[in-house]
Each structure stands twice: as structure tokens, then as C-alpha cells.
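Let's see this in three dimensions:
(chains A and B)
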Amino acid sequence: MKLVTAIIKPFKLDDVKSALKESGVVGVTVTEVRGFGRQGGHTETYRGTEYQVDFLPKVKVEVIVDDADVSGVVDTIVSSAGTDKIGDGKVWVTTIDELVRIRTGERGAEAI
Amino acid sequence: MDSGNVAWVLVSTALVLFMTPGLAFFYGGMVRSRNVLNMLMMNFWCVLIVPIVWAVVGFSLAFSGKGGFIGDLSWSTLKGTLFQIDEASGLPIMLIAIFLATFAAITPALISGAVADRMKFSAWAIFVPLWSLLVYCPVAFWIYGGLFNGEVTGWLGKRGSLDFAGGTVIHVNAGIAALAAVLVLGKRKGWPKEGHPPHSMPLVMIGTGILWFGWFGFNAGSALGANAVAVQSFTNTFLAAAAAGLAWCLVERIKDGHVTTLGAASGVVAGLVAITPGAGFVAGMSSIWIGIAAGVICAFAVSVKFKFGFDDSLDVVGVHFVGGLVGSLLIGLFADPVALKGTFSAGLLKGGGLSLLGEQALANGVTIVFSFAVTFALLKVLDATIGIRVPEEDEFSGLDVSQHAETSYNFGEVTMGRG
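Alright, predicted model coming up:
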């Protein structure tokens, strides 16, 4: 089992969600996050005073998948979240040691 | 007693009262989310305590008798004022007293924007009534004293200086007091390096709308009757605010590249401040010129604090002091007794000489020196006795929790249970 984590642009969340659903993914967790990368931030002006906003809003998408589905899910996220512009975000995969469905107590791949 | 006049001033009283909550939102949106309630409460505190002090003794000190410097106690506790009629307006003195209570309440409230994010609420609670008695009442008497006893005997008003609804007495007075207050209080931690951007611009816009609405009572109500002067004041109030909002937007567009909501809101308030002293003295399109002047000058004045290093959190000096001063001095140019069928002096551009401008400068100069000195001394005394600033830790965690044991926005599911 793997945890696929993606940081994407907030306005691409709908596209990513639809694409994942279409590909058969049954569960996704999202978190609103802030961060900075190569995109840099933007400035805001209040009464002539400029404020630098370094941490831009992004959405973190987390999907738990069976080993066999990892590359498919990663590809789906990459193709649906991309805009070809700087700031599109990243996707990474980590290994899950244990997984339990709270309702039934099922463990491992059964619980996905 | 003319029922139309009484009705208009009663309505105006409610309109002006509404301005203080409006100011609370205007300021509250501009502070960070951890200090909103403190900002709202500093303003609400003024409508809780000032009208009481005003009814007991403040109104009498600010308006009664025939002296030059301070009133007597003849109208204290408002005794006998219900059936005592002011001859000029035909209104009961009690109506004038309660109308002016709302002015007395909003004046110290203006100062709250400067001391935002760091003043102890207990110190503010004591400062407000004391400031009202020691600063507001005397200055009001100097300009208006005796007015409702037949003629103005206050020494500045008697000389001929004009202040229709409180440009000098309210805005210049509170604005310079705000400067004194921040000098005693000191800068916020991290200012000016760390940003303190507004947490809710929609709240600021709601506050601006309420202020604009209420300001019709402030200025047109100050005609103390439903008459031609009230109509002119109402018109001036509308036009000056719009012109100043436009002017501020234009300055921003040229200087910083964008037209901002905060700029529009600040411009409107600057215009309202600037037309206050002259609302019933200027006519024609003078209000538009006064608005433009206030919008442009205040848009630049708000950056002065960075140059001189005083942390006037929400620009009370840049908007109220500067806007009030601009409007008050411009009466010296635009006052138009012919158009208003009044008996006051004419401004320089309306056939008068320089004398009115001189009187305006004197009244503001005296107010600036007096208000600054007494406010500075009062806060020094409070600082030495009860302390006026919150501990650094409370400043960091926010004044809502540390001063009021509340949180502004309880979003999210992880909240609290009963202790």
C-alpha cells in the first residue's frame, strides 16, 4: 500500500477529483495548505504599504492506493493538475506500514 | 417647539449613535483576527460610559453658563433641561444634550484606532471618561460655550472661528490625542518590519457604509432643525465623501497601480471628516473641492508614520487629524454666508479677507497643543499607576483572549467544552 500525496493549485482541485473518481479511486483526503516554491509569492497593498505574501495557498491531496495502482493514480493527478506553468505543485509516494478501516477493523489492502 | 425640527434632531441622534458601531467595524476589519473583539469593545465602551458621564456633568461643563473657558454645573444631571428651550433653534436643551452625547461618545472612540493591538482594556476603560472630561469638554466649550444660552461666549468661538459639526473639537482633537497616545504607548512588536494587514476588508466596507449613513445625522443634524442649512449640510456631506473617495482611488491608481477597497473606504471617511467643520458654512461645489483636497492629502498623509516612526495602527492621525485640519482651514477659503443667508464671516474666496483663515488656524493650533499635552500627561499618569500596555505574550496571542476571554471566529469543529 502506498500514500500518494500531491500539492496542487487550488483551482485544479475539481479536475483532479473528477479524474481520480473516473479512474476508480474511492477515497481522497484534501487539506488547504500554504507554502512557497519556485513560483514565489505576490504583493498586496493596503493604504500604500506593500505586503509580501510568500506563502501561497495550495491544496494537499492524499490518496491511499494498492501498490499495483500507484503509477496510474500518479499519472492521473499529474495530467489533471497540470497547467504547464510554474507553481503546479508536486506529487510524491510513500509506503504505508499499516492500514485499518475503523468501522470494520479490516486491515491491509482490504481497508483501502 | 417645532415638531418637525424636534423629529429631525431625534432621528439624527440615533443616526450619530449608529456611527460608533460603524467605526468599530471600520477599525475592526483593519486589525488582525485575534484583536477584533478588543477593537469592537473599545468602541462600544465609549457608548456605554461617555453618555452617562455626559448626562451627569459633561454636557454642563461643555455648554452651560456664559464663561469663556469652561461651563458651570447649571445643566448637570440634565436638570430642568426638558422644558428649557434654546431660543435660536427652538429645541429643548435636553434634546440638544442627548444629541451631543453621541458626538461626545464617538470622539474618544476615534482614538482607539491608533492604540489598536496593544493597549490594556482596563486602562482604556479609565482613559475614556477622564479624557472626555479633561480634554473634550473644555475644547468644546472654547468653541461652542454659551451657544445655547443665547450667544457663544467660549473664547475661540467668540473670536469668530467656525466649526459646524466638530472638525476641530472632534477630529483634530481626537487625531492629535491619538498621536500623543501612541507616543506614550510605543510601537507594536515587530512594527514596521512585520506586516499587520487587515483581516476583513468586507467588515471595513460595512463600517464605512454605516459611518457614511450616520454622518448625515452628524452634519445635517447639527443644523439643529429641518431647514435649509440642514439640506445644504446633507448635500455637502454626500458630495465631499464621494469626491474624497474618488480622489484617494485615483492617487492610489497612479502611485501604487491598483484601486483598492481600503483606499475607497479611507477616502470616503477622509472626505466626511473634512466636510464636518464646514458642512453648514460652505455651498455650491465647494464641498467637492474640500473632498478632493482631503482625499489627496490624506492618501499621502497615511505614510508619514513610517517616516517619523510612530505606530498609529489604523491611521487616526493621517485620516482624522489631517482630514479635520484640512477641512477646518478650508472654511477660511470657502465659507459662504451669502449663499447660506448666515451671519458668519466669509472665506477668502467668497469675498472675505484672511481673518477667518487666521481664526481657524488659531483654534486648531490651540486645540492641538492643549489636547496633545493633556492626553500625553493623562496616559503617563495611567501608565505609572495601572499600566497601559498589555504584556508582550498577550500582544502576541491576541487581545481578544487576553482582555476579554473570547474568540472572534470559532470556525472548525475542534472548539471547546464547558469547563
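
Buried by neighbour count: which residues of the helix or strand of chain A with the lowest mean pLDDT qualify?
Least confident helix or strand, chain A: strand A:49-53 with a mean of 88, by mean pLDDT, DSSP states H and E. Residues of strand A:49-53 classed as buried: residue A:49 (neighbour count, 16 or more other Cβ atoms under 10 Å in any protein chain shown). For every residue, glycine as well, the C-beta is placed using N, CA and C.

which one's the longest helix in chain A?
helix A:70-81 (DSSP state H).

So what touches it?
With contact meaning Cβ atoms under 8 Å, 6 or more residues apart in numbering or on different chains, helix A:70-81 is reached by A:2, A:4, A:6, A:8-9, A:12, A:15-16, A:18-20, A:23, A:25, A:61, A:63, A:65, A:88-89, A:91, A:93.

Can I get the helix or strand following that helix in PDB? Just the C-alpha atoms.
Per DSSP states H and E, the first helix or strand lying C-terminal to helix A:70-81 is strand A:90-95. Provided in PDB are the C-alpha atoms of strand A:90-95 (Å, rounded to 0.1, in the frame of the first residue of the first chain):
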ATOM      1  CA  LYS A  90       4.400  18.100  -6.800                       C
ATOM      2  CA  VAL A  91       3.400  14.500  -6.300                       C
ATOM      3  CA  TRP A  92       5.200  12.000  -4.100                       C
ATOM      4  CA  VAL A  93       4.700   8.500  -3.000                       C
ATOM      5  CA  THR A  94       5.400   7.000   0.400                       C
ATOM      6  CA  THR A  95       5.000   3.500   1.800                       C
END
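
ok now strand A:90-95, how far from the chain's centre?
Remark: strand A:90-95 is offset 9 Å from the chain centroid, using Cα atoms, centre = their mean, to the nearest Å.

What are the buried residues along it?
By neighbour count on 16+ other Cβ under 10 Å, the buried set for strand A:90-95 is A:91, A:93.

Can you tell me which helices and strands it packs against?
With contacts taken as 3 or more Cβ pairs under 8 Å, 6 or more residues apart in numbering or on different chains; DSSP states H and E, strand A:90-95 sits against strand A:2-8, helix A:70-81.

Let me have the ones you listed in JSON lines, adding mean neighbour count and mean pLDDT as columns.
Shown next, in JSON lines, are those (neighbours: other Cβ atoms under 10 Å in any protein chain shown; pLDDT from 0 to 100):
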{"stretch": "strand A:2-8", "mean neighbour count": "21", "mean pLDDT": "97"}
{"stretch": "helix A:70-81", "mean neighbour count": "18", "mean pLDDT": "97"}
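
Residue B:241: which of these is closest?
Closest approach to residue B:241 among these is made by strand A:2-8 (44.5 Å; Cβ to Cβ).

Next secondary structure element downstream of the closest one?
Proceeding N to C from strand A:2-8, the next assigned helix or strand is helix A:13-22, under DSSP H and E.

Just list what that next one packs against, helices and strands only.
For helix A:13-22, the packing partners by 3+ Cβ pairs under 8 Å, 6+ apart are strand A:56-65, helix A:70-81.

Identify the residues contacting the residue of the stretch 51-200 of chain B found nearest chain A.
Nearest residue of the stretch 51-200 of chain B to chain A: residue B:195, at 4.4 Å (Cβ to the nearest Cβ). Shown in contact with residue B:195 (Cβ under 8 Å, 6+ apart): A:51, A:52.

State the helix or strand in which it lies.
Per DSSP H and E, residue B:195 falls between elements, in no helix or strand.

That one and residue A:49: what is the separation?
For residue B:195, the distance to residue A:49 equals 8 Å [Cβ to Cβ, to the nearest Å].

For ChimeraX, what selects the buried ones among the contacts of helix A:70-81?
Filtering the contacts of helix A:70-81 down to the buried ones (16+ other Cβ under 10 Å) takes a single ChimeraX command:
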select /A:2,4,6,8,9,12,15,16,19,20,25,61,63,65,88,89,91,93
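
For the residue of chain A found nearest chain B, give me its contacts.
Closest to chain B within chain A is residue A:51: 4.4 Å, counting by Cβ to the nearest Cβ. Residues counted as contacts of residue A:51 (Cβ under 8 Å, 6+ apart) are A:43, A:44, A:45, B:195, B:197.

For it, give the beta-bridge partners.
residue A:44 (DSSP bridges).

Kindly report the same for the one 5 residues further on.
Taking DSSP bridges, one obtains residue A:35 as the residues bridged to residue A:56.

okay, now it: neighbour count?
Burial measure for residue A:56: 17 neighbouring residues, criterion other Cβ atoms under 10 Å in any protein chain shown.

residues near residue B:65, how many?
For residue B:65, the count of nearby residues is 18 (other Cβ under 10 Å).

didn't it look like it was pressed against residue B:71?
Yes - here residue B:65 lies in contact with residue B:71, judged by Cβ atoms under 8 Å, at a distance of 4.9 Å.

Name the residues contacting each of these two.
Contact criterion Cβ under 8 Å, 6+ apart; residues shared by residue B:65 and residue B:71: residue B:145.

Which strands and helices lie in contact with the helix or strand where residue B:20 lies?
Residue B:20 is part of helix B:3-30 when elements are defined by DSSP H and E. Judged by 3+ Cβ pairs under 8 Å, 6+ apart, helix B:3-30 is in contact with helix B:36-53, helix B:93-111, helix B:201-220, helix B:261-275.
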